[in-house]
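3D model of this:
(chains A and B)
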Amino acid sequence: MNESGGVVVTKVNDLLNWARLSSLWPLSFGIACCAIEMMGSYASTYDFERFGVFPRPSARQADVIIIAGTVTFKMAERIKRLYEQMPEPKYVISMGSCSNCGGPYWQHGYHVVKGVDRVIPVDVYVQGCPPRPEALIGAVLELQKKIEGEHVLEM
Amino acid sequence: MGEVAQISEFGKILIFLIIGIVMTGAAFFANKLVAPHNPNPEKLTSYECGEEPTGSAWLPFNSRFYVIALIFLLFDVEMMFIFPWATVFGSKEIAAVDSRWTALSLIEMFVFVGILIMGLVYVWIKGDLEWIKASPIVPKVDVNIPASVYEKLNLEQSAFKVKPFSMEIEKVEAVGASTPSTNTTAKPMFKPTFKKAIE
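Numbering: from 1, shown residues only, chains lettered A, B, ... in the order given. So this is what the prediction gives:
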(Lines give C-alpha, C1' and ligand atoms only; values in the text may rest on other atoms or scores of the structure.)
Protein backbone atom coordinates (compact mmCIF):
# COMPACT_ATOMS: atom_id res chain seq x y z
CA MET A 1 0.00 0.00 0.00
CA ASN A 2 1.39 3.38 -0.83
CA GLU A 3 0.57 6.73 0.75
CA SER A 4 -2.57 7.37 -1.28
CA GLY A 5 -4.04 4.04 -0.25
CA GLY A 6 -3.73 2.19 -3.55
CA VAL A 7 -2.12 -1.18 -3.87
CA VAL A 8 1.31 -1.27 -5.45
CA VAL A 9 1.35 -3.97 -8.06
CA THR A 10 4.77 -5.13 -9.07
CA LYS A 11 6.50 -8.03 -10.62
CA VAL A 12 8.61 -10.21 -8.36
CA ASN A 13 11.64 -9.31 -10.38
CA ASP A 14 11.10 -5.60 -9.89
CA LEU A 15 10.57 -6.13 -6.21
CA LEU A 16 13.80 -8.09 -5.90
CA ASN A 17 15.71 -5.52 -7.91
CA TRP A 18 14.31 -2.70 -5.82
CA ALA A 19 15.33 -4.50 -2.67
CA ARG A 20 18.83 -5.14 -4.00
CA LEU A 21 19.52 -1.68 -5.32
CA SER A 22 18.26 -0.02 -2.17
CA SER A 23 20.82 -1.77 -0.02
CA LEU A 24 24.06 -1.97 -1.92
CA TRP A 25 26.52 -3.03 0.73
CA PRO A 26 30.12 -2.50 -0.30
CA LEU A 27 33.05 -4.35 1.14
CA SER A 28 35.01 -1.97 3.36
CA PHE A 29 38.12 -2.13 1.28
CA GLY A 30 40.37 0.77 0.40
CA ILE A 31 43.77 0.51 -1.22
CA ALA A 32 45.13 4.01 -1.74
CA CYS A 33 44.24 7.68 -1.55
CA CYS A 34 40.88 7.19 -3.29
CA ALA A 35 39.85 5.35 -0.13
CA ILE A 36 40.06 8.66 1.74
CA GLU A 37 37.42 10.07 -0.59
CA MET A 38 35.44 6.86 -0.18
CA MET A 39 35.55 7.28 3.61
CA GLY A 40 34.47 10.86 3.12
CA SER A 41 31.47 9.57 1.20
CA TYR A 42 30.54 7.27 4.06
CA ALA A 43 30.88 10.05 6.63
CA SER A 44 28.21 12.48 7.68
CA THR A 45 28.88 15.20 5.10
CA TYR A 46 27.91 13.05 2.12
CA ASP A 47 26.09 10.37 4.10
CA PHE A 48 26.27 7.42 1.76
CA GLU A 49 23.75 5.57 3.88
CA ARG A 50 21.00 7.63 2.31
CA PHE A 51 21.38 5.28 -0.66
CA GLY A 52 21.58 2.20 1.52
CA VAL A 53 25.33 2.01 1.05
CA PHE A 54 26.83 0.73 4.24
CA PRO A 55 30.31 -0.82 4.41
CA ARG A 56 30.50 -4.43 5.50
CA PRO A 57 33.50 -5.98 7.24
CA SER A 58 33.25 -9.31 5.42
CA ALA A 59 33.12 -10.24 1.78
CA ARG A 60 30.36 -12.70 2.58
CA GLN A 61 27.92 -9.87 3.30
CA ALA A 62 28.98 -7.54 0.54
CA ASP A 63 27.17 -6.85 -2.75
CA VAL A 64 29.69 -4.49 -4.30
CA ILE A 65 33.41 -4.00 -4.02
CA ILE A 66 34.74 -0.48 -4.55
CA ILE A 67 38.27 -0.66 -5.89
CA ALA A 68 39.47 2.63 -4.42
CA GLY A 69 43.08 3.06 -5.31
CA THR A 70 46.17 1.80 -7.08
CA VAL A 71 46.02 -1.89 -7.86
CA THR A 72 49.51 -3.31 -7.53
CA PHE A 73 50.35 -6.80 -8.70
CA LYS A 74 50.64 -7.94 -5.10
CA MET A 75 47.19 -6.57 -4.35
CA ALA A 76 45.60 -7.89 -7.53
CA GLU A 77 45.81 -11.43 -6.19
CA ARG A 78 44.00 -10.40 -3.01
CA ILE A 79 41.39 -8.44 -4.94
CA LYS A 80 40.69 -11.45 -7.09
CA ARG A 81 40.28 -13.65 -4.01
CA LEU A 82 38.03 -11.13 -2.26
CA TYR A 83 35.90 -10.83 -5.38
CA GLU A 84 35.59 -14.58 -5.59
CA GLN A 85 34.54 -14.76 -1.95
CA MET A 86 31.64 -12.36 -2.44
CA PRO A 87 28.24 -14.00 -2.95
CA GLU A 88 26.41 -13.50 -6.23
CA PRO A 89 25.09 -11.17 -7.52
CA LYS A 90 28.20 -9.05 -7.08
CA TYR A 91 29.30 -5.77 -8.60
CA VAL A 92 32.52 -3.86 -8.95
CA ILE A 93 33.00 -0.10 -8.94
CA SER A 94 36.38 0.97 -10.20
CA MET A 95 37.11 4.25 -8.44
CA GLY A 96 39.76 6.59 -9.76
CA SER A 97 42.25 6.60 -12.60
CA CYS A 98 44.60 4.09 -11.00
CA SER A 99 42.09 1.29 -10.91
CA ASN A 100 40.56 2.35 -14.24
CA CYS A 101 43.74 2.21 -16.31
CA GLY A 102 46.78 2.53 -14.09
CA GLY A 103 46.47 6.28 -13.82
CA PRO A 104 49.76 8.11 -13.30
CA TYR A 105 51.54 4.77 -13.27
CA TRP A 106 50.37 3.54 -16.62
CA GLN A 107 53.68 4.16 -18.36
CA HIS A 108 56.44 3.67 -15.79
CA GLY A 109 54.62 1.84 -13.01
CA TYR A 110 56.29 -1.55 -13.21
CA HIS A 111 54.30 -2.68 -10.17
CA VAL A 112 50.84 -1.44 -11.14
CA VAL A 113 48.14 -3.42 -12.88
CA LYS A 114 46.97 -1.31 -15.80
CA GLY A 115 43.35 -1.32 -14.77
CA VAL A 116 41.55 -3.56 -12.33
CA ASP A 117 39.37 -4.83 -15.17
CA ARG A 118 42.27 -7.06 -16.13
CA VAL A 119 41.62 -8.98 -12.92
CA ILE A 120 37.90 -8.75 -12.23
CA PRO A 121 34.93 -7.55 -14.32
CA VAL A 122 34.07 -3.92 -13.63
CA ASP A 123 30.53 -2.56 -13.77
CA VAL A 124 31.04 1.16 -13.23
CA TYR A 125 34.14 3.26 -13.78
CA VAL A 126 34.55 6.54 -11.89
CA GLN A 127 36.94 9.03 -13.42
CA GLY A 128 39.07 11.36 -11.33
CA CYS A 129 42.30 11.36 -9.39
CA PRO A 130 40.86 10.99 -6.85
CA PRO A 131 37.16 11.32 -7.69
CA ARG A 132 35.09 13.52 -5.44
CA PRO A 133 32.52 11.85 -3.17
CA GLU A 134 29.81 13.16 -5.49
CA ALA A 135 31.35 11.17 -8.31
CA LEU A 136 31.26 7.99 -6.22
CA ILE A 137 27.65 8.67 -5.32
CA GLY A 138 27.00 9.08 -9.05
CA ALA A 139 28.63 5.71 -9.66
CA VAL A 140 26.33 4.04 -7.16
CA LEU A 141 23.33 5.68 -8.81
CA GLU A 142 24.54 4.35 -12.18
CA LEU A 143 24.92 0.90 -10.66
CA GLN A 144 21.38 1.13 -9.31
CA LYS A 145 20.18 1.88 -12.83
CA LYS A 146 22.01 -1.19 -14.07
CA ILE A 147 20.47 -3.38 -11.37
CA GLU A 148 16.99 -2.11 -12.26
CA GLY A 149 17.23 -3.83 -15.64
CA GLU A 150 18.56 -7.14 -14.37
CA HIS A 151 16.81 -10.45 -13.90
CA VAL A 152 18.15 -11.98 -10.72
CA LEU A 153 15.99 -15.08 -11.05
CA GLU A 154 17.72 -16.06 -14.26
CA MET A 155 21.21 -15.72 -12.80
CA MET B 1 -24.66 -21.88 26.50
CA GLY B 2 -21.50 -22.52 24.49
CA GLU B 3 -18.51 -20.73 25.83
CA VAL B 4 -16.64 -18.41 23.58
CA ALA B 5 -13.19 -19.76 22.96
CA GLN B 6 -10.68 -17.40 24.52
CA ILE B 7 -7.01 -17.27 23.84
CA SER B 8 -5.06 -17.20 27.05
CA GLU B 9 -1.94 -15.10 27.51
CA PHE B 10 0.21 -18.16 26.91
CA GLY B 11 -1.79 -18.87 23.75
CA LYS B 12 -0.80 -15.46 22.43
CA ILE B 13 2.83 -16.28 23.05
CA LEU B 14 2.35 -19.57 21.22
CA ILE B 15 0.89 -17.76 18.21
CA PHE B 16 3.78 -15.31 18.38
CA LEU B 17 6.28 -18.17 18.37
CA ILE B 18 4.57 -19.98 15.50
CA ILE B 19 4.45 -16.84 13.35
CA GLY B 20 8.09 -16.15 14.16
CA ILE B 21 9.21 -19.62 13.14
CA VAL B 22 7.09 -19.55 9.97
CA MET B 23 8.38 -16.14 8.91
CA THR B 24 12.01 -17.09 9.53
CA GLY B 25 11.53 -20.36 7.68
CA ALA B 26 9.89 -18.53 4.78
CA ALA B 27 12.80 -16.11 4.58
CA PHE B 28 15.29 -18.98 4.49
CA PHE B 29 13.19 -20.81 1.90
CA ALA B 30 12.93 -17.71 -0.31
CA ASN B 31 16.67 -17.29 0.01
CA LYS B 32 17.23 -20.87 -1.13
CA LEU B 33 14.84 -20.29 -4.02
CA VAL B 34 16.13 -16.96 -5.27
CA ALA B 35 19.80 -16.74 -4.36
CA PRO B 36 22.27 -17.79 -7.07
CA HIS B 37 24.30 -20.77 -6.02
CA ASN B 38 27.58 -21.34 -7.79
CA PRO B 39 30.36 -22.15 -5.39
CA ASN B 40 33.97 -22.60 -6.36
CA PRO B 41 36.98 -23.65 -4.26
CA GLU B 42 38.20 -20.09 -3.87
CA LYS B 43 34.80 -18.89 -2.70
CA LEU B 44 34.57 -21.64 -0.13
CA THR B 45 37.90 -20.81 1.51
CA SER B 46 37.68 -19.00 4.79
CA TYR B 47 37.69 -15.22 4.64
CA GLU B 48 41.03 -13.87 5.80
CA CYS B 49 40.89 -10.34 4.36
CA GLY B 50 41.99 -11.65 0.97
CA GLU B 51 44.99 -13.53 2.29
CA GLU B 52 45.57 -17.20 1.77
CA PRO B 53 44.34 -18.88 4.96
CA THR B 54 47.07 -20.76 6.78
CA GLY B 55 46.63 -23.21 9.63
CA SER B 56 43.49 -24.00 11.53
CA ALA B 57 41.11 -21.48 13.00
CA TRP B 58 40.60 -23.75 16.01
CA LEU B 59 43.25 -22.38 18.32
CA PRO B 60 43.62 -23.29 21.99
CA PHE B 61 42.48 -20.38 24.12
CA ASN B 62 44.14 -19.58 27.40
CA SER B 63 42.05 -20.81 30.32
CA ARG B 64 43.05 -17.77 32.41
CA PHE B 65 40.47 -15.74 30.53
CA TYR B 66 37.75 -17.96 31.93
CA VAL B 67 38.22 -16.41 35.38
CA ILE B 68 38.37 -12.92 33.88
CA ALA B 69 35.09 -13.56 32.07
CA LEU B 70 33.43 -14.73 35.27
CA ILE B 71 34.55 -11.65 37.18
CA PHE B 72 33.42 -9.46 34.31
CA LEU B 73 29.99 -11.01 34.62
CA LEU B 74 29.81 -9.85 38.23
CA PHE B 75 30.22 -6.20 37.29
CA ASP B 76 28.17 -6.53 34.14
CA VAL B 77 25.15 -7.61 36.15
CA GLU B 78 25.81 -4.79 38.58
CA MET B 79 25.68 -2.27 35.74
CA MET B 80 22.47 -3.78 34.41
CA PHE B 81 20.73 -3.07 37.70
CA ILE B 82 22.30 0.27 38.51
CA PHE B 83 21.26 2.02 35.30
CA PRO B 84 17.50 1.47 35.69
CA TRP B 85 17.83 2.19 39.38
CA ALA B 86 19.41 5.55 38.61
CA THR B 87 16.40 6.68 36.56
CA VAL B 88 14.01 5.76 39.36
CA PHE B 89 16.26 7.28 41.98
CA GLY B 90 16.39 10.58 40.12
CA SER B 91 12.64 10.68 39.51
CA LYS B 92 11.18 13.83 41.03
CA GLU B 93 7.64 12.54 40.79
CA ILE B 94 8.24 9.62 43.10
CA ALA B 95 10.23 11.80 45.44
CA ALA B 96 7.34 14.25 45.62
CA VAL B 97 4.97 11.50 46.77
CA ASP B 98 7.18 10.38 49.61
CA SER B 99 10.32 12.23 50.64
CA ARG B 100 11.78 9.14 52.27
CA TRP B 101 11.91 7.38 48.92
CA THR B 102 15.31 8.70 47.81
CA ALA B 103 16.97 7.77 51.08
CA LEU B 104 15.46 4.27 51.00
CA SER B 105 16.51 3.59 47.40
CA LEU B 106 20.01 4.88 48.09
CA ILE B 107 20.41 2.57 51.09
CA GLU B 108 19.07 -0.35 49.08
CA MET B 109 21.55 0.28 46.34
CA PHE B 110 24.38 0.43 48.85
CA VAL B 111 23.26 -2.93 50.21
CA PHE B 112 23.14 -4.36 46.69
CA VAL B 113 26.58 -3.05 45.71
CA GLY B 114 27.88 -4.18 49.09
CA ILE B 115 26.83 -7.76 48.41
CA LEU B 116 28.52 -7.64 45.04
CA ILE B 117 31.67 -6.18 46.60
CA MET B 118 31.65 -9.17 48.94
CA GLY B 119 31.97 -11.28 45.83
CA LEU B 120 34.87 -9.19 44.61
CA VAL B 121 36.59 -9.46 47.99
CA TYR B 122 36.10 -13.22 47.91
CA VAL B 123 37.68 -13.43 44.48
CA TRP B 124 40.50 -11.21 45.64
CA ILE B 125 41.28 -13.27 48.74
CA LYS B 126 41.14 -16.50 46.77
CA GLY B 127 43.79 -15.04 44.51
CA ASP B 128 41.82 -15.24 41.27
CA LEU B 129 42.62 -11.66 40.37
CA GLU B 130 46.27 -12.59 40.11
CA TRP B 131 47.45 -13.49 36.68
CA ILE B 132 48.58 -17.09 36.64
CA LYS B 133 52.19 -17.06 35.64
CA ALA B 134 54.00 -19.88 33.99
CA SER B 135 56.66 -21.61 36.11
CA PRO B 136 59.19 -22.93 33.65
CA ILE B 137 61.40 -25.81 34.72
CA VAL B 138 65.00 -24.75 34.19
CA PRO B 139 67.05 -27.75 33.08
CA LYS B 140 70.02 -28.61 35.29
CA VAL B 141 73.21 -29.86 33.73
CA ASP B 142 76.08 -31.32 35.77
CA VAL B 143 79.36 -30.43 34.04
CA ASN B 144 81.81 -31.09 36.92
CA ILE B 145 83.39 -27.68 36.47
CA PRO B 146 83.43 -25.73 39.74
CA ALA B 147 81.59 -22.41 39.80
CA SER B 148 84.77 -20.63 40.83
CA VAL B 149 86.19 -21.19 37.37
CA TYR B 150 83.23 -19.41 35.79
CA GLU B 151 83.48 -16.60 38.34
CA LYS B 152 87.16 -16.17 37.59
CA LEU B 153 86.47 -16.10 33.87
CA ASN B 154 83.69 -13.56 34.35
CA LEU B 155 86.02 -11.39 36.43
CA GLU B 156 88.66 -11.50 33.75
CA GLN B 157 86.11 -10.66 31.07
CA SER B 158 84.65 -7.79 33.10
CA ALA B 159 88.10 -6.20 33.52
CA PHE B 160 88.50 -5.77 29.81
CA LYS B 161 90.61 -2.80 28.88
CA VAL B 162 89.83 -0.81 25.81
CA LYS B 163 92.99 -0.11 23.91
CA PRO B 164 93.44 3.43 22.69
CA PHE B 165 92.95 3.58 19.01
CA SER B 166 96.10 4.09 17.01
CA MET B 167 97.01 3.22 13.52
CA GLU B 168 100.53 2.97 12.23
CA ILE B 169 100.91 4.90 9.07
CA GLU B 170 103.32 3.22 6.71
CA LYS B 171 105.29 5.46 4.53
CA VAL B 172 104.60 4.70 0.97
CA GLU B 173 107.10 5.78 -1.57
CA ALA B 174 105.60 7.86 -4.19
CA VAL B 175 105.50 5.99 -7.45
CA GLY B 176 106.23 7.59 -10.73
CA ALA B 177 107.26 11.08 -9.64
CA SER B 178 110.60 10.15 -8.03
CA THR B 179 111.52 7.26 -10.31
CA PRO B 180 113.30 8.48 -13.38
CA SER B 181 112.64 6.83 -16.67
CA THR B 182 115.57 4.43 -16.84
CA ASN B 183 114.21 1.99 -19.31
CA THR B 184 113.48 4.24 -22.17
CA THR B 185 115.10 1.85 -24.60
CA ALA B 186 113.15 -1.10 -23.44
CA LYS B 187 111.63 -3.13 -26.20
CA PRO B 188 107.93 -3.51 -26.44
CA MET B 189 107.02 -6.99 -25.40
CA PHE B 190 105.03 -7.87 -28.47
CA LYS B 191 105.51 -6.71 -31.95
CA PRO B 192 102.99 -7.70 -34.50
CA THR B 193 104.60 -9.05 -37.61
CA PHE B 194 103.07 -9.73 -40.92
CA LYS B 195 104.34 -12.52 -43.03
CA LYS B 196 104.11 -12.27 -46.69
CA ALA B 197 101.97 -14.84 -48.22
CA ILE B 198 104.16 -17.31 -50.09
CA GLU B 199 103.19 -17.50 -53.64
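
For the helix ranked longest in chain A, enumerate the helices and strands it packs against.
If you go by DSSP state H, chain A has its longest helix at helix A:133-148. Applying 3 or more C-beta pairs under 8 Å, 6 or more residues apart in numbering or on different chains; DSSP states H and E, we find helix A:133-148 packed against helix A:12-21, helix A:34-42, strand A:91-95, strand A:124-126. From N, CA and C alone the C-beta is placed, and that goes for glycine too.

Quick check: which of these is nearest to chain B?
helix A:12-21 (6.7 Å; C-beta to the nearest C-beta).

Quick one: name whatever helix or strand follows whichever strand or helix holds B:Met80.
Assigned by DSSP states H and E, B:Met80 falls within helix B:64-89. Using DSSP H and E, the helix or strand that follows helix B:64-89 in sequence is helix B:92-97.

What distance do you get for B:Tyr66 to B:Leu104?
Distance from B:Tyr66 to B:Leu104, counting by C-beta to C-beta, to the nearest Å: 38 Å.

Check B:Pro36 too.
63 Å.

Same check on B:Ala26?
Where B:Leu104 is concerned, B:Ala26 sits at a distance of 51 Å (C-beta to C-beta).

Isn't A:Ile93 up against A:Asp63?
No - checked against C-beta atoms under 8 Å, the pair A:Ile93 and A:Asp63 is beyond contact range at 10.8 Å.

Common neighbours of the two, please.
Both A:Ile93 and A:Asp63 are in contact with A:Pro26, where contact means C-beta atoms under 8 Å, 6 or more residues apart in numbering or on different chains.

Centre of the chain to the longest helix of chain A, how far?
Relative to its chain's centre, helix A:133-148 lies at 8 Å (C-alpha atoms, centre = their mean, to the nearest Å).

same check, this time on stretch A:46-63
That offset, for stretch A:46-63, works out to 9 Å (C-alpha atoms, centre = their mean).

quick one: that stretch near chain B?
Yes - Stretch A:46-63 reaches chain B (C-beta under 8 Å from any C-beta of the partner chain) through A:58-60.

Could I get the buried residue list for that stretch?
Under the neighbour-count criterion of 16 or more other C-beta atoms under 10 Å in any protein chain shown, stretch A:46-63 has A:46, A:48, A:51-53, A:55-56, A:59, A:62-63 buried.

can you give me the helices for chain B?
Counting by DSSP H, the helices of chain B are B:9-34, B:41-44, B:64-89, B:92-97, B:100-126, B:147-158.

I'd like these written out as TSV, with mean neighbour count, distance to A:Leu136 and mean pLDDT added.
Formatted as TSV, the helices of chain B follow (neighbours: other C-beta atoms under 10 Å in any protein chain shown; distance: least, C-beta to C-beta, whole Å; pLDDT from 0 to 100):
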stretch	mean neighbour count	distance to A:Leu136	mean pLDDT
helix B:9-34	10	29	93
helix B:41-44	11	27	88
helix B:64-89	12	41	83
helix B:92-97	10	50	82
helix B:100-126	12	51	87
helix B:147-158	9	67	89
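
Identify whichever of those lies nearest to chain A.
helix B:41-44 (4.1 Å).

related to what we said a few turns ago, centre of the chain to the helix holding B:Met80, how far?
Per C-alpha atoms, centre = their mean, the centroid offset for helix B:64-89 relative to its chain is 25 Å.

Among the helices of chain B, single out whichever gets nearest to B:Ser166.
Closest approach to B:Ser166 among the helices of chain B (C-beta to C-beta): helix B:147-158, 23.7 Å.

before we move on, back to that, out of the buried residues of stretch A:46-63, who's nearest chain B?
Chain B has its nearest neighbour among those in A:Ala59, at 5.6 Å by C-beta to the nearest C-beta.

In chain B, which residue sits nearest chain A?
For chain B, C-beta to the nearest C-beta, closest residue to chain A: B:Gly50, 3.4 Å.

tally of neighbours for the nearest residue to that residue once chain neighbours are set aside?
Closest residue to B:Gly50 apart from its sequence neighbours, by C-beta to C-beta, 6 or more residues apart in numbering or on different chains: A:Arg78 at 3.4 Å. Applying other C-beta atoms under 10 Å in any protein chain shown, we find 19 other residues in the vicinity of A:Arg78.

Start and end of stretch A:28-47, how far apart?
15 Å (C-alpha to C-alpha, to the nearest Å).

Arrange the helices and strands packed on helix A:133-148 in CSV, one row each, with mean neighbour count and distance to B:Ser148 as further columns.
Below are the helices and strands packed on helix A:133-148 laid out as CSV (neighbours: other C-beta atoms under 10 Å in any protein chain shown; distance: least, C-beta to C-beta, whole Å):
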stretch, mean neighbour count, distance to B:Ser148
helix A:12-21, 15, 83
helix A:34-42, 21, 66
strand A:91-95, 25, 74
strand A:124-126, 23, 78
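
Could you dump the ones you listed into CSV and include distance to chain B and mean pLDDT?
Below are these laid out as CSV (distance: least, C-beta to the nearest C-beta, whole Å; pLDDT from 0 to 100):
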stretch, distance to chain B, mean pLDDT
helix A:12-21, 7, 87
helix A:34-42, 15, 93
strand A:91-95, 13, 94
strand A:124-126, 20, 94
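
can I get those in TSV with distance to B:Phe83?
Converted to TSV, the helices and strands packed on helix A:133-148 look like this (distance: least, C-beta to C-beta, whole Å):
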stretch	distance to B:Phe83
helix A:12-21	37
helix A:34-42	31
strand A:91-95	43
strand A:124-126	46
